[in-house]
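> from the sequence below, what's the structure:
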Amino acid sequence: MNPFQSLSDYENFVYTLPQRYHLIQLSTLVLARRGKMMATLQGELLLNGGFRLVMVERLSTDVQTVEIEEYGYEVWRNGDLLYWYDSQPHPHIPHLQSTHPHHKHIPPDIKHNRIPAPGFSFSKPNLPLLMDEIKNLLEAEIS
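Residues are numbered from 1 along each chain as shown. This is a model prediction of the structure:
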């Protein structure tokens with residue numbers, strides 16, 4: 001199933017995330033329709049290991065597709081901001097062009113230190129990438 005075939009499909013995808021990702025302890029995600037062609041998705045996922053994903057997506061839709069217009073995803077752990085992703089364009093930064101406008105902010109200077117974000121998209125859900133990334137961080141601690 002492609003969750004971006006309709007807003008209802010994406011809504012179902014979002015609200016069933018805890019059944020697919022057992023590292024989710026609590027979801028406060030809410031998809032709110034803002035008229036016939038727009039919606040927002042925002043809230044938090046509380047995850048195992050003290051992780052928290054705070055997110056917002058602005059969505060547009062037509063009869064057959066959903067697209068993310070813009071997004072922001074913050075990954076926290078035990079009250080510390082680890083990194084964030086956003087879609088704010090930075091066309092003047094050459095090393096970000098491979099995934100323009102998608103990029104990740106990382107320490108040490110988290111506001112200005114940006115790297116490309118391969119796999120992030122406006123035309124498919126980014127949540128699976130984020131869940132896999134956090135799952136991999138948790139697994140790396142165990143090994």
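> contacts, neighbours, all on C-alpha from now
OK.
> what about the lengthiest helix in the chain, distance to the chain center?
Ranked by residue count and defined by DSSP state H, the top helix of the chain is helix 127-142. Averaged C-alpha coordinates place helix 127-142 at 13 Å from its chain's average position (C-alpha atoms, centre = their mean, to the nearest Å).
> what's the answer for stretch 89-108, then?
Computed by C-alpha atoms, centre = their mean, the separation of stretch 89-108 from the middle of its chain amounts to 16 Å.
> may I have that stretch exported as PDB, CA atoms only?
The C-alpha trace of stretch 89-108 is given here as PDB (Å, rounded to 0.1, in the frame of the first residue of the first chain):
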ATOM      1  CA  PRO A  89      16.100  25.400   1.000                       C
ATOM      2  CA  HIS A  90      19.800  26.400   1.200                       C
ATOM      3  CA  PRO A  91      20.800  26.600  -2.500                       C
ATOM      4  CA  HIS A  92      23.900  28.600  -1.600                       C
ATOM      5  CA  ILE A  93      25.500  25.600   0.300                       C
ATOM      6  CA  PRO A  94      27.100  23.400  -2.300                       C
ATOM      7  CA  HIS A  95      27.500  20.200  -0.200                       C
ATOM      8  CA  LEU A  96      23.700  20.100   0.400                       C
ATOM      9  CA  GLN A  97      22.800  20.100  -3.300                       C
ATOM     10  CA  SER A  98      22.700  16.300  -3.600                       C
ATOM     11  CA  THR A  99      19.500  16.100  -1.500                       C
ATOM     12  CA  HIS A 100      18.300  19.700  -1.900                       C
ATOM     13  CA  PRO A 101      16.300  20.900   0.000                       C
ATOM     14  CA  HIS A 102      16.300  18.000   2.400                       C
ATOM     15  CA  HIS A 103      19.000  18.100   5.100                       C
ATOM     16  CA  LYS A 104      19.900  17.200   8.600                       C
ATOM     17  CA  HIS A 105      21.200  19.500  11.300                       C
ATOM     18  CA  ILE A 106      23.900  17.900  13.600                       C
ATOM     19  CA  PRO A 107      26.200  18.900  16.400                       C
ATOM     20  CA  PRO A 108      28.500  20.500  17.300                       C
END
